[in-house]
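1. Quick one, fold the following:
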Amino acid sequence: WYYLGANGAMTRGWQSVNGRWYYMNGDGVMLTGWQYLGGRWYFLDGSG
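-> Sure thing, here's the model as predicted:
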């Protein structure tokens, strides 16, 4: 999944969408599963 910001560009990093948090990698792709980000582990699923 990709998420486009208000300017129409792909977003990167942590994004809050309708009250749920997602992480987009450097290519703008939403990450899922266990991810090591900023020195911490997170479990990310497709529903935020």
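
2. Contact partners for Gln35?
-> By CB atoms under 8 Å, 6 or more residues apart in numbering, the contact set of Gln35 is 23, 41-44. Yep, even glycine has a C-beta here, placed from its N, CA and C like the rest.

3. Could you measure from the residue sitting furthest away from the middle of the chain over to Trp41?
-> The outermost residue of the chain relative to its centre, with distances by CA atoms, centre = their mean, is Asn7 at 17.2 Å. For Asn7, the distance to Trp41 (CB to CB, to the nearest Å) stands at 32 Å.

4. try Trp34
-> For Trp34, the distance to Trp41 - CB to CB - is 6 Å.

5. and if you look at Leu4?
-> Taken as CB to CB, the span from Leu4 to Trp41 is 28 Å.

6. And for Thr11?
-> 22 Å.

7. Report the beta-bridge partner residues of Trp41.
-> Beta bridges link Trp41 to Tyr36, judged by DSSP bridges.

8. That one against Gly33, yeah?
-> No. The pair Trp41 / Gly33 is not scored as a contact, 10.8 Å apart, by CB atoms under 8 Å.

9. So for stretch 32-46, what gets flagged as buried?
-> Within stretch 32-46, the residues that count as buried by 16 or more other CB atoms under 10 Å are Leu44.

10. Renumber starting at 888 from here on
-> Sounds good: first residue 888 from here, last item stretch 919-933.

11. Tabulate the CA atom coordinates of it in CSV.
-> Taking C-alpha atoms only, stretch 919-933 is exported to CSV below (Å, rounded to 0.1, in the frame of the first residue of the first chain):
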residue,chain,number,x,y,z
THR,A,919,3.9,-4.7,7.9
GLY,A,920,5.1,-7.4,10.3
TRP,A,921,7.9,-7.0,12.8
GLN,A,922,10.0,-3.9,12.0
TYR,A,923,13.0,-2.4,13.8
LEU,A,924,12.5,1.4,13.5
GLY,A,925,14.5,4.1,15.3
GLY,A,926,16.0,1.6,17.8
ARG,A,927,12.7,0.0,18.8
TRP,A,928,10.7,-3.1,17.6
TYR,A,929,7.2,-2.6,16.3
PHE,A,930,4.6,-5.0,15.0
LEU,A,931,2.7,-3.4,12.2
ASP,A,932,-0.4,-4.7,10.5
GLY,A,933,-2.4,-3.4,7.6
